[in-house]
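Let me see the structure of the following:
(2 chains)
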Amino acid sequence: MMDIYLCLRRSFRMVGDIRMKTISNFRWLLATFVLLYLMNQVNSQKKGAHDLKCITNNLQLWDCSWKASSGTGHGTIYEVCIENRSHSCYRSEKTNIKIPALSPGNHEIIINSLHDFGSFKSKFILNEKDISLIPDTPEVLSLSADFSTSTLYLKWNDKGSVFPRHSNVIWEIKILRKESMELVKLKTHNTTLNGKDTVHHWSWASDLPLECATHYVGIRCYIDSLHFSGRKEWSDWSPVKNISWTPDSQTEVFPQDKVILVGSDITFCCVSKEKVVSAQIGQTDCPLIHLDGENVAIRIHNISVSASSGTNVVFSTQDSILGTVIFVGYPPDIPQKLNCETRDLKEIICSWNPGRPTALMGPRGTSYTLFESFSGKYVRSKRVEVPTNESYQLFFQMLPSQEIYNFTLNARNLLGQSESTILVNITEKVYLHTPTSFKVKDINATAVILSWRLSGSFAKINLLCQIEISKTNSVQELRNVTIKGVENSGYLTAVGKLNPYTMYTFRIRCSTETFWKWSKWSNEKQHLTTEAIPSKGPDTWREWSSDGKNLIIYWKPLPMNEANGKILSYNVSCSSDEETQSLSEIPDPQHKAEIEVDRNDYIISVVAKNSVGSSPPSKIASMEIPNDDLKTEHAVGKGKGILLRWYHNPNVSCDYVIKWCNSSQSKPCLMDWKKVPSNSTEALIESDQFRPGVRYHFFLYGCRNQGYQLLRYIIGYIEELAPLVAPNFTVEDTSADSILVKWEDIPVEELRGFLRGYLFYFEKGERDTSKMRGLESGRSDVKVKNITDTSQKTLRIADLQGKTSYHLVLRAYTDGGMGPEKSMFVVTKENSVGLIIAILIPVAVAVIVGVVTSILCYRKREWIKETFYPDIPNPENCKALQFQKSVCEGSSALKTLEMNPCTPNNVEVLETRSTVPKIEDTEIISPVAERPEDSSDAEPENHVVVSYCPPIIEEEIPNPVADEAVGTSQVIYIDIQSMYQPQAKPEEEQENDPVGGAGYKPQLHLPISSTVEDIAAGGDVDETAGYRPQANVNTWNLVSPDSPRSTDSNSEVVSFGSPCSINSRQFLIPPKDEDSPKSNGGGWSFTNFFQNKPND
Amino acid sequence: MLACLCTVLWHIPAVPALNRTGDPGPGPSIQKTYDLTRYLEHQLRSLAGTYLNYLGPPFNEPDFNPPRLGAETLPRATVNLEVWRSLNDKLRLTQNYEAYSHLLCYLRGLNRQAATAELRRSLAHFCTSLQGLLGSIAGVMAALGYPLPQPLPGTEPTWAPGPAHSDFLQKMDDFWLLKELQTWLWRSAKDFNRLKKKMQPPAAAVTLHLEAHGF
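Numbers count the residues shown, from 1 in each chain, chains lettered A, B, ... in the order given. Presented below is the predicted three-dimensional model:
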């Protein structure tokens, strides 16, 4: 196409020239010419070369090829000429030719095809841009594999020598797996061509162990030459090379015994001739991935840390198992707390904490290397197992004349490494060994020498040692000493300022002067310092014996710090101007001596002696200076002691001595004393023997002019308590209005404090009844007298009542509290005048009353007779009865003459239209207990409240069967308030009575609440069918006169005492409202009297 | 009981009464050896539990019964019943002695390999016990007048975990070592029981049922 284009362009250019020159006359001629020319050209091209195509694979030679025309046969020779060069032509019999690379730009190529029958020329324009750069197919030099690491190693030559210029090359490597050649990886690899043949290496780690499947590798390349402007293309793939494994045993599992990082992904595979049934890692089953043949694999993602013996991976076939162990762990942690120190300046001990456990043990464990950079020396740890939390140690021998060390600790295992560094000046990091062979030796009573051994080379440094000195009951003392260090030797130091004859405990520890750490304490050593002479004489006091003939000398044992040894004996001497008496070698436990002397002034001297020597003498004068102005004072202690105070006495020149007895009794006096300097004005006396509530006597002596004067006498209590007993009191005198009480002192031992007064209580009261309770609580009837004058021993109580028992109580009190009380009952004497008056007045009153009564009775005798003893009228003269009789015998229709106004009562009447209410006795008694069928039938409509007037009903019934007694009695016994009408007509009741169906029935059926009467009545009903008294007397008795019912039924009750018959009582019963004795017709009884009483 | 057995264990190798001059005869020492095998069975049960747990699954699974892959050098305890019956006392004791000699050697190798100190202590304790059993068997053989088998030079088993020996195969060997040890202790108990009864005529018939049970 390119040559055709060039020809056409040329033809058109020629056509344009002709047109410009010949104008339109030659138009047809020209057109014909052009057409012929074109035809000629086309024919000539077809017969020559066409489709020129050039490629290069090394940028130096272009391999151009073309297609020959169809007419050209064998034997055609092509002459290729490049026009713009110096007309270089190449001859070729083939349709391709290699020409040197042409410079950039267009080049005219003329290919002249020479045939037997002529030649054809073909022209082409060739540019570098039209050239394709296709590198030669690379060739794999070698493919090898490291099965242990599942790594493929590829080697090939880039053949860079054929390329004139440096070029970048991209290599593409493909990895295929299994016999089916599955592509598993396509990787690129960049290199540069440097004009020389270079062999390149490339490796690839397979996730699948190489043993389990065949792996194939192929490679191609792409040259990215910057100076080449043509098209660049990938080379062809090289022929693949493969890697396969020849099993040396029947079955294997891969990888074997591998160490990997926690969380990694890993593939295990099994090369097997048998079918693998299952696979498991640890306790977990895994799905199988089938490879070539019976080979299988399993893929584990994010594998977890192994146990100490690793994680087992097991593949099971039908009759065997095979497996491998994988060790999953961590790379070593950075060593923590790395510290280097020395204990003897010979060897450096570096210790550290390994940090996070690697979970890898044994030969896979972490190995440590301690490297010292200044000296270049190192030590390496053996792979010994150390408990996880314990620190690791490495020992590095110190180098002479090197003090500063720069240590790097490297931790390494199969998964990685880490390191930690430390720079130390080792002379400042000395942690000495514990001092050994520690000994103590005496120098004198107050100094010892301590010796000990310390291994190490400390000749160049000073040691700082700390000595702990402790003695019993004392604080520990620490003393630091600096000692020049020596080479592996013992050390000595003196310790002074000790107390003689004292048991000390020593121990020592050391460091260097540039302090880093104290060593551990050495063993303790106890040592008793030697004795020295007592530093002071004993504290001395003297007393004259009671007869004044002997002088008793007391002294106190020396305290340990003054005795300076064991006191063996004392020497006592009394010397005056005239004579000297001595008592020598008084053995130690004795602290008292008695010397018979006359009343001269003596100087007493006491000396204590121990095995080393005698103490300085302590001296005291025997003279007592009298004191006329001596007062007794009181003192009360605080806490454990008593503080005594006095005014400064300028005459006292030596000291004050306070003497006391440690017992409240005068004998035996456990004497003690205390000396205080003369400038003191107070002293706190303390003693373990002081007890609260015990009286102590203190004597304050002042020393002057070599004699002692008693200055004060003080009575004191360490603490006051309440008196232990009550004062013993008696009644001295008793009168009608006063009592004189006398009491005694309480003994000092029982007083237990300074007596502050007495409390006297008195009140009226008998011995048995009166109890002095709450005397202090201010009861108004208890009188209290507080006697604060402790010298008062009697008390007269005045203003008392005569012949009255008084309860007296006395108690004493101190500042410590109230003592117990003592009580006594005293009866005051009788007052005789009062008694006489008390008899006379009632007698006189009785006489007067009697006289007045007699007079009144005499005067009113008629009235009295009328009232108390009236004349009884003769019944035969009673008109009223005569009249009544006629009435009774007359017509029954005749009415009563007069009626009391009817007192209406509300009576509930049960009416029934058709059925007769069946009312039983029990129902009458208890209206509440109605039978359900009864109430349902009758209640709603038959409850009618009606006015009821019993007497009228009674009188309107003339029928003797319906006896009035029945009616009245019914009315009497009905509780009106019950609103229940039990007065069912007597006839109906009789008809319905199941018991008394036949024979006579008592009209009065009154089984009221009394059980006794029930039984009686029941018995009557059951047993007797004969006559029954109509008026049951018992029923009358049922209602007591004062019962509320009696008010309603008084008319009947009254009849009890009535002289008339029952039938006539209507007229005898007085009206209810009437209570006048007159209207009673002169009838008066107690019953009536009481019945009316409630109405009053 | 355990303390008693321990005492026996420690004293047996040193007891001179086990030699031929002993008046009571071999009876008591056979009884003691029998007791010792029972004690070692008990001790091994505890050790095996610990060690198999250390080996990890599937070795500590109750039904794990792998083929005897690399443990061919271990002395086999399982034997045909007829063969076992036909053994005489000397051969019986010699086999026991040789087996425990080998097993003890392997066990010491196991101890060196163990990764944890706790396990090493347990193994060392068991090795001491097994040493005692070996001494005890030697005592019985001496009492019966049998010479001790002399180890041939070069046949002394060594513990050499070479690079070809993978960790997994090593674990399999450990497993089989413990298993064989247990089977041997069972067999020894039978052996000494039989021997004991033989020494106390009339001897009762002994039936042997030896099977390799799983742990």
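
need the residues of chain B near chain A, please.
Contact residues (Cβ under 8 Å from any Cβ of the partner chain) of chain B with chain A: B:54-59, B:66-67, B:69, B:113, B:115-117, B:166-168, B:171. Where you see a C-beta, it was placed from the backbone N, CA and C, and this is true even at glycine.

of all the residues in chain A, which ones are close to chain B?
So far as Cβ under 8 Å from any Cβ goes, chain A lies against chain B at A:253, A:256-257, A:280, A:282-283, A:307-312, A:314, A:319-325, A:361-362, A:385, A:387.

For chain B, see how far away the residue lying closest to residue A:640 once chain neighbours are set aside is.
Once flanking residues are discounted, residue A:640 sits nearest to residue A:686: 5.4 Å by Cβ to Cβ, 6 or more residues apart in numbering or on different chains. Distance of residue A:686 to chain B, given as Cβ to the nearest Cβ, to the nearest Å: 64 Å.

for residue A:686, phi and psi?
phi -130, psi 140 (degrees, to the nearest 10).

got a pLDDT number for it?
pLDDT for residue A:686: 87.

Which members of the residues of chain A next to chain B occur in strands, if any?
A:253, A:280, A:311-312, A:314, A:321-325 (DSSP state E).

any idea which of those residues is the one closest to residue A:416?
Taking Cβ to Cβ as the measure, residue A:416 lies nearest residue A:311 of those, at 19.4 Å.

what about residue A:109, helix or strand, and which?
Taking DSSP states H and E as the definition, residue A:109 sits inside strand A:107-115.

From the contact counts, what lies against that strand?
When contacts are defined as 3 or more Cβ pairs under 8 Å, 6 or more residues apart in numbering or on different chains; DSSP states H and E, strand A:107-115 packs onto strand A:77-82, strand A:118-126.

check contacts around residue B:75.
By Cβ atoms under 8 Å, 6 or more residues apart in numbering or on different chains, residue B:75 lies in contact with B:98-99, B:102-103, B:180, B:184.

Most neighbours among these, which one?
residue B:184 (26 neighbours; other Cβ atoms under 10 Å in any protein chain shown).

Going by neighbour count, which residues in the strand holding residue A:109 are buried?
For strand A:107-115, burial by neighbour count (16 or more other Cβ atoms under 10 Å in any protein chain shown) applies to A:107, A:109-115.

Filter the residues of chain B next to chain A down to just the ones in helices.
Cross-referencing these against helices under DSSP state H gives B:54-55, B:113, B:117, B:167-168, B:171.

Just say helix, strand or coil for residue A:833.
Put simply, residue A:833 is helix when judged by DSSP: H, G, I helix; E, B strand; the rest coil.

Residue A:633 now?
With three-state DSSP as the basis, residue A:633 sits in strand.

Hmm, it is touching residue A:713, no?
Yes: the criterion here is Cβ atoms under 8 Å, and residue A:633 meets it with residue A:713 at 7.0 Å.

circling back to that earlier point, buried ones among the residues of chain B next to chain A?
Among these, those buried by neighbour count (16+ other Cβ under 10 Å) are B:54-59, B:66, B:69, B:113, B:115-116, B:166-168, B:171.

Out of those residues, which two sit at the greatest distance?
Longest span within those, Cβ to Cβ: B:69 and B:116, 25.1 Å.

Show the pLDDT at residue B:161.
What the model reports for residue B:161 is a pLDDT of 42.

my bad, residue B:68
Predicted confidence (pLDDT) for residue B:68: 77.

residue ranges of the helices in the stretch 351-500 of chain A, please?
With DSSP state H, counting those that start in this stretch, there are no helices along the stretch 351-500 of chain A.

from it, which residue is nearest to chain B?
Residue nearest to chain B within the stretch 351-500 of chain A (Cβ to the nearest Cβ): residue A:361, separated by 4.0 Å.

Number of residues surrounding that residue?
When neighbours are counted by other Cβ under 10 Å, residue A:361 registers 21.
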